[in-house]
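A.B. asks: Sequence and predicted model, in that order:
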Amino acid sequence: MMLPAFNWIVDRRLAGSGRPGLLAELDEDLEFLTRQGIATIVTLTEKPVPGLAEHGGFECVHFPIPDMGFPMPRDCARLCREVVERVEESPVLLHCRAGLGRTGTIAACCLVAMGSTASSALLRIRSINRYYVQTTSQERFIHHFADYLAREQAEGDGAR
């Protein structure tokens with residue numbers, strides 16, 4: 001059995017899914033992720049997955065976001081930078097509960113951090129799973145996040 005809503009967002013580097021252990025035994029889902037080469041699991045649910053950190057074999061990052069919500073741009077930028085660094089070394093999984101709203105939102109933000117525009121990031125993730133990014137506020141956040149990163153970049157360039 002495959003993890004619910006598992007998709008590669010950046011081929012063999014960045015994936016999204018539903019919560020490991022939600023529809024199958026946690027061990028089965030983690031075995032599947034190991035076979036996919038996943039080294040880091042980023043949990044976007046408000047509570048961490050019970051037993052995930054103790055399982056071993058994965059780096060675990062907990063970045064809680066309320067269901068149907070989105071984070072502060074500064075915090076999201078920090079997470080996306082970390083994800084972008086990690087995918088250079090080994091594959092990363094982003095997951096929330098169903099693997100759609102929060103997962104799609106952060107996946108799109110990671111694509112923006114990798115150089116995509118907000119619009120192209122949304123098109124790309126929705127071509128992978130049309131249910132990624134579930135609310136208009138999440139969609140607006142991705143555009144706001146892209147503006148935030150552009151401002152941050154401009155301020156950084158101006159400081160040199």
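C.D. replies: Great, that's in hand. Remember, it's a predicted structure, so these values are computed and weren't measured experimentally.
A.B. asks: Going by C-alpha atoms from here, please, whenever you check contacts or count neighbours.
C.D. replies: Noted.
A.B. asks: Which SSE is immediately downstream of the lowest-mean-pLDDT helix or strand in the chain?
C.D. replies: One helix or strand of the chain scores below all others by mean pLDDT, DSSP states H and E: helix 52-55, with a mean of 84. Downstream of helix 52-55, the next assigned helix or strand under DSSP states H and E is strand 59-62.
A.B. asks: on contacts alone, who are the packing partners of the next helix or strand after that next one?
C.D. replies: Following strand 59-62 in sequence order, the next helix or strand is helix 73-89 (DSSP H and E). Using 3 or more C-alpha pairs under 8 Å, 6 or more residues apart in numbering; DSSP states H and E, the elements in contact with helix 73-89 are helix 101-113, helix 136-158.
A.B. asks: And the ones you listed: which comes nearest residue 126?
C.D. replies: Comparison of these against residue 126 by C-alpha to C-alpha identifies helix 101-113 as nearest, at 8.4 Å.
A.B. asks: so can I have JSON lines of the helices and strands packed on helix 73-89 showing mean pLDDT?
C.D. replies: Shown next, in JSON lines, are the helices and strands packed on helix 73-89 (pLDDT from 0 to 100):
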{"stretch": "helix 101-113", "mean pLDDT": "98"}
{"stretch": "helix 136-158", "mean pLDDT": "93"}
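A.B. asks: and of those, who's closest to residue 121?
C.D. replies: Set against residue 121 and scored by C-alpha to C-alpha, the helices and strands packed on helix 73-89 come closest in helix 101-113, at 5.1 Å.
A.B. asks: Would you mark the buried spots in that closest one?
C.D. replies: Burial within helix 101-113, assessed by neighbour count using 16 or more other C-alpha atoms under 10 Å, is assigned to 101-113.
A.B. asks: one step back: with distance to residue 6 added, can I get the helices and strands packed on helix 73-89 in JSON lines?
C.D. replies: Shown next, in JSON lines, are the helices and strands packed on helix 73-89 (distance: least, C-alpha to C-alpha, whole Å):
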{"stretch": "helix 101-113", "distance to residue 6": "11"}
{"stretch": "helix 136-158", "distance to residue 6": "20"}
